[in-house]
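[1] Dropping a prediction and its sequence here:
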Amino acid sequence: MLINSQNLQMLFKGFKSIYTNAFEQTESHYSKIAMTVSSSTREEEYGWLGQFPELREWIGDRHINRLRADGFKIRNRKFESTVEVKRDDIADDTIGLYRPMLSEMGRVTKQHPDTLVFKLLRDGFTTKCYDGQNFFDEEHPLSGPGTPLADQAVSNMQPGAGPAWFLLDTSREVKPIIWQEREKYEFQAVNDHNDTEVFLKDRYLYGIRARVNCGFGLWQLAFGSKAGLTPDNFADARSRMMDFRGDRGHLLGISPKLLVVPPALEADARRLLMADVIDGTSNIWRGAADLLVTHYVG
């Protein structure tokens, strides 16, 4: 191939097409448990996480829900992936060698949010959220000083030694996890034959760049367990979630919709949610939640 600006631009479009096709054909599940928030600076503060609004009878002046700033921030992180294409390979028309690598770049990019979001969910037993407790914790403070339920605590976890599983309310605009985007994934190239990189190293560069991150949303929308995935433990988790209350004692209306498990628990999860009968007894939890199996929580 003759190396000139026109051919290099055509090559860029071809490489981008390979990347895009793989990106679009790859499954991704992070949006099922994470809400996407656009970021306009290097970090965002989520003071509203400390409040759940409610409707109350209007007697006297309005009751103002002040969004207290709990100091919970998500700082954007920069990510990249780069492929080197040798000038000689372009000149000798052997660029087909790079097709699998560019296709894999598209696949990896599409699943990158999954790797971050589900890893964060997995680490929720040891990682703090907006109230200063671990996201999955036995002592979440129910409210602050001066509120009806001050000094009370609630648990959104079951301790144990087994693989973790997670029951989530994904029915709302607000989700258990926040996916924050400052700059979306972009396919870029250093493909000007007068560029310093090309002049000094005789190579062209193609790659992805993004500024994103994730953080915990509302712990009230999630329940984590390391106990066995049994009908009794599932029932306990579901019941406790549906009884979660706001700082004035009102029910939050939590509705568990999604069970997230690693491959090690897939058989147990399918039996729990899909079998008609368990141990000779009618399975009352059949269809009680959707199932998502991902190795990123394993």
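    Looks like it arrived, so ask away. Numbers count the residues shown, from 1 in each chain.
[2] who's in contact with stretch 87-101?
    Residues from elsewhere that reach stretch 87-101, judged by Cβ atoms under 8 Å, 6 or more residues apart in numbering: 1, 3, 8, 11, 15, 18, 83, 85, 193, 198, 202-204. Backbone N, C-alpha and C define where each C-beta goes, glycine included.
[3] Buried residues in that stretch, which are they?
    Judged by neighbour count (16 or more other Cβ atoms under 10 Å), stretch 87-101 contains these buried residues: D89, I90, I95, Y98.
[4] nearest to R211, of the contacts of stretch 87-101?
    Proximity to R211 was ranked across these by Cβ to Cβ; first place goes to V83, at 20.0 Å.
[5] so the closest one touches G207, yeah?
    Yes - under the criterion of Cβ atoms under 8 Å, V83 is in contact with G207, at a separation of 6.2 Å.
[6] what do these two both touch?
    For the pair V83 and G207, residues contacting each of them under the criterion Cβ under 8 Å, 6+ apart are M105.
[7] Could you measure from the residue most central in space within the chain over to K86?
    Nearest to the mean C-alpha position of the chain, by Cα atoms, centre = their mean, lies V117 at 2.8 Å. In this view, V117 and K86 are 36 Å apart by Cβ to Cβ, to the nearest Å.
[8] now swap in F15 and tell me
    In this structure, F15 lies at 14 Å from K86, with Cβ to Cβ as the measure.
[9] what residue ranges in the stretch 51-200 of the chain are flagged as low confidence?
    51-71, 143-151 (pLDDT under 70).
[10] now the strands for it?
    For the stretch 51-200 of the chain, the strands identified by DSSP state E, counting those that start in this stretch occupy 73-75, 77-86, 140-141, 153-154, 157-158, 165-168, 177-190, in order along the chain.
[11] give me every residue that touches D114.
    Contacts of D114 were listed using Cβ under 8 Å, 6+ apart, and they are S28, H29, Y30, T294, Y296.
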